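S.K.: Below is the sequence, then the predicted model.
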Amino acid sequence: MQGALRNGLSPEIYGPEPIQMEGRSGLRYWIRHPFVFTGNHEVDERLSGYPVAVFQPTGRQPENTPVLVGLQGMAQPYTFNSFLVPALLDMGITCVLFDTPLAGERSLVRTGTGDIVAEIVPLIARRVHIRSLLLQRIMEAVARDLQTVLGLVADRHGLRDSRRALFGVSLGALLTSFAFLRDGTGERLLGSIGHADLPRFARSYTPSTARWLATLPARVLAELGGWFYSQGLAAGLQFVAVLNELSHGTAAFACANPMSYAVKAGARRIRYLLGDIDPVVRVADAKWCVERFPDGAIYVVPGLAHGGENFVGHARFYVQSQLGDWAW
């Protein structure tokens with residue numbers, strides 16, 4: 001993994017091309033930045049290229065324009081964050097969105113359905129066993145990608161204002177927390193239906209009735225799926241195994257846990273939006289995280305689950321209220 005980060009390969013940037021989202025005009029780039037995710041060349045190549053959408057307000061000097069970079073949840077395409085575009089542009093803030101590995105156009109199936117098990121099936125078919133090291137590599141890659149994307153908007157769009165915010169949904173909250181805390185990327189961190197602790201995040205996702213299966217070796221899990229003639233079953237079992245492994249919070253994965261770098265938060269603002277009926281992300285876990293930050297807080301919305309029909313409205317208001325002092 002470290003070799004992939006330090007091999008000196010520069011990103012290849014293609015475009016831009018015009019793009020429309022929520023009735024607003026922007027520019028779409030394609031970035032190819034080789035990274036070793038699995039060791040399988042075909043898989044790694046597919047996961048190393050991703051689209052970037054940039055929506056910049058008119059009428060505000062670029063050097064004085066804040067930027068928010070938004071990441072979606074597990075296997076969710078960046079277009080699911082489209083609600084941010086008009087909200088931010090109307091505030092005079094640039095909105096930048098891109099796909100994370102195994103999501104949207106940066107996936108092996110590219111269906112855009114957001115089904116993580118469906119994304120894992122092609123890996124099983126290529127005999128790539130899924131273990132927690134893959135998530136660690138994804139976190140490293142996305143942290144690098146955030147630097148690449150911010151460099152892109154600075155060089156191509158003149159957006160060099162220090163006011164930069166990271167917004168993440170579910171897994172996106174974990175990924176942005178990692179870059180924010182470990183690398184110091186961004187001035188404000190706005191997470192939603194997620195938080196910054198990797199073991200707690202994995203533990204809340206792991207089905208309790210399936211944890212005993214997760215202790216089985218990857219080879220055995222794949223064979224179990226084969227017995228039932230189902231690569232989907234094998235993929236599901238391996239996914240559960242990954243969650244179970246990460247939930248233990250072993251020292252081996254401490255470097256991938258954003259909370260390992262909590263001391264680096266400093267005085268920067270960290271906020272998380274949560275639902276009181278979320279069956280996946282626990283409010284107590286997010287509270288445990290923010291209590292360790294000098295300027296951390298959570299907002300709990302009654303009746304909000306893990307997404308759902310009312311999520312967009314709450315998330316939009318949340319972002320607008322947290323960045324209100326950055327508006328023109």
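M.R.: Cool, the structure landed. Numbering: from 1, shown residues only.
S.K.: In the stretch 151-300 of the chain, mark out all the strands, start to finish.
M.R.: In the stretch 151-300 of the chain, the strands defined using DSSP state E, counting those that start in this stretch lie at 164-169, 188-192, 269-275, 296-301.
S.K.: For the ones you listed, give me a markdown table that also has mean neighbour count and distance to M74.
M.R.: All C-beta atoms are positioned from the backbone trio N, CA, C, and that covers glycine. A markdown table is the format used below for the strands of the stretch 151-300 of the chain (neighbours: other C-beta atoms under 10 Å; distance: least, C-beta to C-beta, whole Å):
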| stretch | mean neighbour count | distance to M74 |
| --- | --- | --- |
| strand 164-169 | 26 | 9 |
| strand 188-192 | 26 | 13 |
| strand 269-275 | 23 | 17 |
| strand 296-301 | 17 | 21 |
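S.K.: Reformat those strands as a markdown table; add mean pLDDT and distance to T148.
M.R.: Converted to a markdown table, these look like this (pLDDT from 0 to 100; distance: least, C-beta to C-beta, whole Å):
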| stretch | mean pLDDT | distance to T148 |
| --- | --- | --- |
| strand 164-169 | 98 | 14 |
| strand 188-192 | 98 | 19 |
| strand 269-275 | 98 | 23 |
| strand 296-301 | 98 | 27 |
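S.K.: how about TSV for the ones you listed, with distance to K287 added?
M.R.: What follows is those, written out as TSV (distance: least, C-beta to C-beta, whole Å):
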stretch	distance to K287
strand 164-169	18
strand 188-192	13
strand 269-275	9
strand 296-301	6
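S.K.: Count residues in the vicinity of P279, would you?
M.R.: A count of neighbours around P279, defined by other C-beta atoms under 10 Å, yields 9.
S.K.: Surely it and G308 touch.
M.R.: No: P279 is beyond contact range of G308, at 10.8 Å (criterion: C-beta atoms under 8 Å).
S.K.: Now for the protein, the helix or strand with the poorest mean pLDDT.
M.R.: helix 2-5 (a mean of 36; mean pLDDT, DSSP states H and E).
S.K.: Below-threshold pLDDT in this structure: ranges please.
M.R.: In the predicted model, the chain carries pLDDT under 70 at residues 1-8, 132, 206-243, 249, 252.
S.K.: Show me what counts as buried in the longest helix along it.
M.R.: Taking residue count as the measure and DSSP state H as the definition, the longest helix of the chain comes out as helix 132-157. Buried residues in helix 132-157, counted by 16 or more other C-beta atoms under 10 Å: 132-146, 148-150, 152-154, 157.
S.K.: Can you name every helix or strand that that helix contacts?
M.R.: Taking 3 or more C-beta pairs under 8 Å, 6 or more residues apart in numbering; DSSP states H and E as contact, the helices and strands that helix 132-157 lies on are helix 2-5, strand 24-32, strand 49-55, strand 67-71, strand 94-98, helix 171-182, helix 231-247.
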